[in-house]
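> take a look and give me a structure for this.
(one chain, ligands or ions: 1)
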Amino acid sequence: MVSRRRVLLLFSFVSLALILASLAVLRPSVYRSTLRSALSHNSTRLKFNSSRPISSSAASLFNQSSTAKMSAKSSVESLIAENHIAVFSKSYCPYCKKTKDLLASLGEKYAVVELDQIEDGSDWQAYLGDKTGQRTVPSVFINQQHIGGNSDLQAKHASGELKKLLGAKM
Ligand SMILES: N[C@@H](CCC(=O)N[C@@H](CS)C(=O)NCC(=O)O)C(=O)O
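Residues are numbered from 1 along each chain as shown. Okay, here's the model as predicted:
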C-alpha cells in the first residue's frame, strides 16, 4: 500500500517536473521567435499586432477601393467603346475647353465626362493614367484610339490627320 502511494507520488512529481521543464524550454523559444519577427518586420507587425479591427477595416477599405477602381475601369472602357469621340475633361480646364471648342467647330458630336463633377472622377483619371500613360486632362479618344491631350489634338488638326481620323467612323 505504502509503496503504491510512493509510486503515485513519484509519478506526480515526475509529471510536474516534466510540465515545468517543457514550459521552461518552450516558452522562451516562443518569445524569442515572436521577438525576432517583431524586430524584422517592425512596421507591418505593429499594424497587425494592433489587432483585428484595424486589419479587418483595412481589408474592407481595400475591397472598397478595388471595387471603385473596377467600376471606374468599366465606365471608362464603355465610354470609349460606345462613342466615336470620347473626351475626359475637367470643367475648369482651359486645355479641355480648347479641345471641346475645336471638336464643336468641326461639327463633331462627342461624349464628354467632366471628371471634377463626378464622384469617382479621380479613380477614372487614375485608370486613364494607367491605361494611356497620360495623367492630365483632356484625354481624347477617337475610334477607341488614344489621341492624347489638347496639344496632340490641335497638332493632328493642323496636319490634316484629324480630318482623316474623324472621317473614318467605326
Ligand atoms: N499639354 C497638355 C496640358 C494639359 C493640362 O495641363 N491639364 C491640366 C488641367 S488644365 C491637368 O490635367 N492637371 C492635372 C489634373 O487636373 O489632375 C494638353 O495639351 O492637354
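
> ok, now which ones touch the residue of the chain found nearest the ligand?
Distances between the chain and the ligand by Cβ to the nearest ligand atom are smallest at Gly149, namely 2.4 Å. Quick note: C-beta positions are derived from backbone N, CA and C, even for glycine. Residues in contact with Gly149, defined by Cβ atoms under 8 Å, 6 or more residues apart in numbering, are Tyr95, Thr99, Gln134, Thr136, Val137, Pro138, Ser139, Val140.

> for it, report the pLDDT, please.
At Gly149, the pLDDT value in this model is 98.

> quick one: contacts for the residue positioned nearest the centre of the chain?
By Cα atoms, centre = their mean, the chain has its centre lying nearest to Ser66, at 5.4 Å. Residues near Ser66 by Cβ under 8 Å, 6+ apart: none.

> which of the contacts of Gly149 tops the neighbour count?
Of all the contacts of Gly149, the highest neighbour tally under other Cβ atoms under 10 Å goes to Ser139, namely 29 neighbours.

> okay, and the beta partners of the residue nearest to that one when sequence neighbours are not counted?
Leaving aside its chain neighbours, Ser139 sits nearest to Phe88 (4.3 Å; criterion: Cβ to Cβ, 6 or more residues apart in numbering). In this entry, Phe88 is beta-bridged to Val113, Ser139, by DSSP bridges.

> residues in contact with Phe88?
If you count contacts by Cβ under 8 Å, 6+ apart, Phe88 has them with Val76, Val112, Val113, Leu115, Trp124, Gln125, Leu128, Val137, Pro138, Ser139, Val140.

> who in the chain is up against the ligand?
Lys90, Cys93, Pro94, Tyr95, Thr136, Val137, Pro138, Gly149, Asn150, Ser151 (Cβ under 6 Å from any ligand atom).

> I figured the fourth one hits Pro138, correct?
Yes - in this structure Tyr95 lies within contact range of Pro138 using Cβ atoms under 8 Å: 6.0 Å.

> tell me, what's touching the two both at once?
Residues touching both Tyr95 and Pro138 (Cβ under 8 Å, 6+ apart): Gly149, Asn150.

> related to what we said a few turns ago, could you dump the contacts of Phe88 to CSV with pLDDT?
Compiled in CSV, the contacts of Phe88 are given as follows (pLDDT from 0 to 100):
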residue, pLDDT
Val76, 98
Val112, 98
Val113, 98
Leu115, 98
Trp124, 98
Gln125, 98
Leu128, 98
Val137, 98
Pro138, 98
Ser139, 99
Val140, 98
